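A.B. asks: for reference, the sequence and a predicted model appear below.
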Amino acid sequence: MNIVLWIFQGVLALMMLLPGLLKISNTKGLKVKGNGNMDWVDDVSSSNVKLIGVIEILIGLGLILPMLVGIAEWLTPLAAVGAVGTMIGAMMLHIKRKDGAKAIITNLVIMAIALIYLTRGLCFNSIDRIDFVIDFTVSHYEV
């Protein structure tokens with residue numbers, strides 16, 4: 001189960017990190033690189049596109065680094081919540097622009113992966129913590 005969660009985390013992190021890097025690196029060339037999929041940048045200021053990119057990068061890093069290094073692991077589920085929120089905002093923009101279902105499908109896929117990770121990850125982590133408490137308690141009181 002842990003391997004499956006790491007795969008979900010890795011895929012989701014890449015799906016947030018790579019577009020985020022693209023958004024902060026070259027906002028003017030974004031529309032050209034997107035082959036028609038990034039026309040929304042015309043409706044958003046350059047600084048807002050870069051802000052979205054920074055948020056996506058932070059989400060991507062937050063999905064991997066805390067659990068990888070074992071510090072502030074509670075940030076990982078919050079990053080998943082951030083991914084869901086970011087995708088809801090992206091879907092609202094695409095609906096407002098009437099971009100069609102093709103533009104929204106990617107957002108739905110990313111949101112589904114984030115929700116799967118969030119629900120399963122929280123359950124998996126809480127089970128691990130319960131097992132740890134039980135093991136610690138039993139071993140502590142054994143004679």
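C.D. replies: In hand now; what should we look at?

A.B. asks: switch to C-alpha atoms for all contacts and neighbour counts from now on
C.D. replies: OK.

A.B. asks: mind listing the strands for this protein?
C.D. replies: When assigned using DSSP state E, the chain turns out to have no strands.

A.B. asks: gap between stretch 11-18 and the chain center?
C.D. replies: Relative to its parent chain, stretch 11-18 has a centroid offset of 7 Å by C-alpha atoms, centre = their mean, to the nearest Å.

A.B. asks: what about that stretch, average pLDDT?
C.D. replies: Taken as a whole, stretch 11-18 has an average pLDDT of 88.

A.B. asks: which of the residues in it are buried?
C.D. replies: 11-17 (16 or more other C-alpha atoms under 10 Å).

A.B. asks: residues making contact with that stretch?
C.D. replies: With C-alpha atoms under 8 Å, 6 or more residues apart in numbering as the test, stretch 11-18 has contacts from 56-61, 63-64, 83, 110, 113-114.

A.B. asks: need the residues you listed in CSV with pLDDT and neighbour count, can you?
C.D. replies: Converted to CSV, the contacts of stretch 11-18 look like this (pLDDT from 0 to 100; neighbours: other C-alpha atoms under 10 Å):
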residue, pLDDT, neighbour count
56, 92, 27
57, 95, 24
58, 94, 18
59, 92, 26
60, 92, 27
61, 93, 18
63, 86, 32
64, 88, 20
83, 86, 28
110, 80, 21
113, 77, 17
114, 77, 27
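
A.B. asks: out of the buried residues of stretch 11-18, which one sits closest to residue 101?
C.D. replies: Within the buried residues of stretch 11-18, the smallest distance to residue 101 is 18.8 Å, found for residue 15 (C-alpha to C-alpha).

A.B. asks: any idea how far residue 57 is from the residue positioned nearest the centre of the chain?
C.D. replies: Among the residues of the chain, residue 83 comes closest to the average C-alpha position under C-alpha atoms, centre = their mean, at 3.8 Å. Between residue 83 and residue 57 the computed distance is 10 Å (C-alpha to C-alpha, to the nearest Å).
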